[in-house]
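1. Okay, here's the prediction I keep looking at, along with the sequence it came from:
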Amino acid sequence: MKYYLSKYKFIYILIFIFLVLSLGFSNFLSKADTDFYDPAGDTKSYLSLAESLNDTRNFVRLEYGGYGIETIRTPIYPLIIMLFLENLKFLILVQTLLHITSALMIYKLVSTFLKQKFSLFVFFIFLFNPTLFSLSQMLITETISIFLIVLSIYVYTEKKSKLVFYLIFGLLPLLRPAFIVLSFGMVLFIKILEKEFDKKKTITAIFLLILPSLVWTARNFEKTEMVIFSSLSGMNLLEETASGVMAISEDIDEEESFFEIINVEYEERRYWSQVLRNEVALGNISRVIANAPGPSPHLVASEYQSYAVKKILENPLELIILVVRSFTFLILESGDHLVGYVFELSNLKIYEIIVIFTNGVVVFFAWKFIISTIFIDKTIDRLIIIYFLVLTPLLMLATPHARFGSVLIFFHLFFLSRELEKYFADKNGDI
């Protein structure tokens, strides 16, 4: 009986993978390269850096070559794009394959403690998640980020390769600057998580976690004479967090309704971003925004950050509202705008309702596992710590959406699986 289950399981997996590949090919074979740019404009900045690296071997946006210094983006994704400049569609194919590989690794992880049919269900939900698949069809960092996070957990759990695990976490900030919280946060917890590590192994793990970021910081210091890893954090703190806080404060002062207070519209955030930028004392230095950073964004980032912190500390209630709102959007958002953009669809209201409901069910049981593990079992779970380190910087976003929350989907499905494991263990001891 076990043999036939295994055989059918393998057939189902092959069918699912074939369907995803067919969907991917049907999407990108008929499209031009520009159709894979993300609507927010991030792709253009990555491409500009890739072209500059290819043409001049300088990491500065092509339009600022010769007089600019790039301190917003980190190098891994531009380097990857540089390898595919002659055929960007091939990179989309690679990202599709990485998405499939991530799903297979998740299946392997959960099948070690969960019934085959439920493991297959988790595999299916991840593989056909519309947000994740849509992101794999755009030239942005999310698919590779998710693949590396899943790979790190896989090699740690299945291959017992702890140093490879820490090396991947050390490299992640060079793919997306926000992951600096993740790599340095792991340093704080390493003695708790690795009790069997001796002094030498602990130092090695810390070295792997922080060395890539320190090297990039040293590069930025050499270029700017400022200790800075990425200018993006300072800009986002003003243009997202402080701007969102001020928009909420304005709605409260004007006695708007509860739903109007928590609904920080993009135009509200953009208006307050402009207001706050104008209030920052910069002298004659040009003002910038994250998607149009100017030739040397480091010149304004520190002032933006300092002023943003001041505004945030002046409005603690509004910050709490912003964080709760961001969390809700990140875990429930359907990604209908991404799906509509990638597949040129409209009228996705029914889809939106179904996905929000599905996300709500998955997240409910995921958080049930998190809460019971922390407060009832009183256990320190590695993935829960990583989850919170990934989540923390996302909570500062005034305009969160499914793209940013996509990195959380793996964790939610894994925690759902662990909760199912507990349920079957409590019910009949059969998992």
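-> The structure has been received and is ready for your questions. As the structure is a computational prediction, the values presented were derived from the model and not from experiment.
2. Give me the neighbour count for the nearest residue in space to L338 that is not next to it in sequence.
-> Of all residues not flanking L338 in the chain, S134 sits nearest, at 4.2 Å (Cβ to Cβ, 6 or more residues apart in numbering). C-beta here means a position set from N, CA and C on the backbone, and glycine is covered the same way. S134 has 24 neighbours, counted by other Cβ atoms under 10 Å.
3. Please state the offset of stretch 328-336 from the chain centre?
-> 13 Å (Cα atoms, centre = their mean, to the nearest Å).
4. mind checking the end-to-end distance for it?
-> From its first residue to its last, stretch 328-336 covers 16 Å (Cα to Cα, to the nearest Å).
5. Over to stretch 395-408?
-> 12 Å.
6. Check stretch 283-298 too.
-> So stretch 283-298: terminal residues 15 Å apart, Cα to Cα.
7. likewise stretch 219-230?
-> Termini of stretch 219-230 sit 11 Å apart (Cα to Cα).
8. in that stretch, what counts as buried?
-> For stretch 219-230, burial by neighbour count (16 or more other Cβ atoms under 10 Å) applies to 220, 223-224, 228-230.
9. about what we covered before: can you confirm the residue nearest to L338 is in a helix?
-> Yes: with DSSP: H, G, I helix; E, B strand; the rest coil as the criterion, S134 is part of a helix.
10. quick one: it and G335 touch, right?
-> Yes: if you go by Cβ atoms under 8 Å, S134 and G335 touch, sitting 6.4 Å apart.
11. care to break this structure down by domain?
-> 161-228, 231-314 (automatic domain parsing).
12. okay, these in CSV with distance to S119 and mean pLDDT next?
-> Below are the domains of the chain laid out as CSV (distance: least, Cβ to Cβ, whole Å; pLDDT from 0 to 100):
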stretch, distance to S119, mean pLDDT
domain 161-228, 22, 94
domain 231-314, 37, 89
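13. Tabulate those (JSON lines), appending distance to L114.
-> Below are the domains of the chain laid out as JSON lines (distance: least, Cβ to Cβ, whole Å):
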{"stretch": "domain 161-228", "distance to L114": "22"}
{"stretch": "domain 231-314", "distance to L114": "36"}
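14. of all the ones you listed, which lies closest to T43?
-> domain 231-314 (10.9 Å; Cβ to Cβ).
15. end to end, how far does that closest one reach?
-> Span of domain 231-314 from end to end, Cα to Cα: 23 Å.
16. what distance separates that domain from the centre of its chain?
-> On Cα atoms, centre = their mean, the centre of domain 231-314 falls 21 Å from the chain's centre.
17. show me what contacts the spatially closest residue to V110 that is not a sequence neighbour?
-> Excluding its sequence neighbours, the residue lying closest to V110 (Cβ to Cβ, 6+ apart) is S417, at 4.1 Å. By Cβ atoms under 8 Å, 6 or more residues apart in numbering, the contact set of S417 is 110, 113-114, 118-119, 122.
18. Look up phi and psi at P293.
-> Torsion angles at P293 (phi, psi; degrees, to the nearest 10) stand at phi -80, psi 0.
19. burial count for it?
-> P293: 23 neighbours (other Cβ under 10 Å).
20. same check, this time on P78
-> P78 has 22 nearby residues by other Cβ under 10 Å.
21. Which residue, neighbours along the chain excluded, lies closest to it?
-> Nearest residue to P78, sequence neighbours excluded (Cβ to Cβ, 6+ apart): L49, at 3.8 Å.
22. Might one say that that neighbour is in contact with V60?
-> Yes: with contact defined as Cβ under 8 Å, L49 and V60 form a contacting pair (7.5 Å).
23. Neighbour count: these two, which is higher?
-> L49 (25 against 21).
24. what about the helices in the stretch 251-400 of the chain?
-> 258-262, 266-279, 298-313, 316-332, 336-343, 349-371, 382-394 (DSSP state H, counting those that start in this stretch).
25. Buried residues in the shortest one, which are they?
-> Using 16+ other Cβ under 10 Å as the test for burial, helix 258-262 gives 261-262.
26. Summarise which helices and strands it is packed against.
-> If contacts are counted by 3 or more Cβ pairs under 8 Å, 6 or more residues apart in numbering; DSSP states H and E, helix 258-262 sits against helix 243-253, helix 316-332.
27. just the fifth one next, same as before
-> Other elements packing on helix 336-343 under the criterion 3+ Cβ pairs under 8 Å, 6+ apart are helix 130-136, helix 349-371, helix 402-405.
28. most tightly surrounded among the ones you listed?
-> Of all those, helix 130-136 has the most neighbours on average by mean count of other Cβ atoms under 10 Å, namely a mean of 24.
29. ok, now which ones touch S161?
-> Applying Cβ under 8 Å, 6+ apart, the residues contacting S161 are V155.
30. For it, give its distance to L151.
-> 10 Å (Cβ to Cβ, to the nearest Å).
31. what's the answer for I370, then?
-> Distance from I370 to L151, by Cβ to Cβ: 23 Å.
32. next one: F133
-> Applying Cβ to Cβ to F133 and L151 gives a distance of 19 Å.
33. A helix includes I140, no?
-> No: the assignment for I140, made by three-state DSSP, is coil rather than a helix.
34. Model confidence at it, what's the number?
-> Here, the pLDDT recorded for I140 equals 97.
35. And the residue nearest to P78, how far from Y67?
-> In terms of Cβ to Cβ, L49 sits 16 Å off from Y67.
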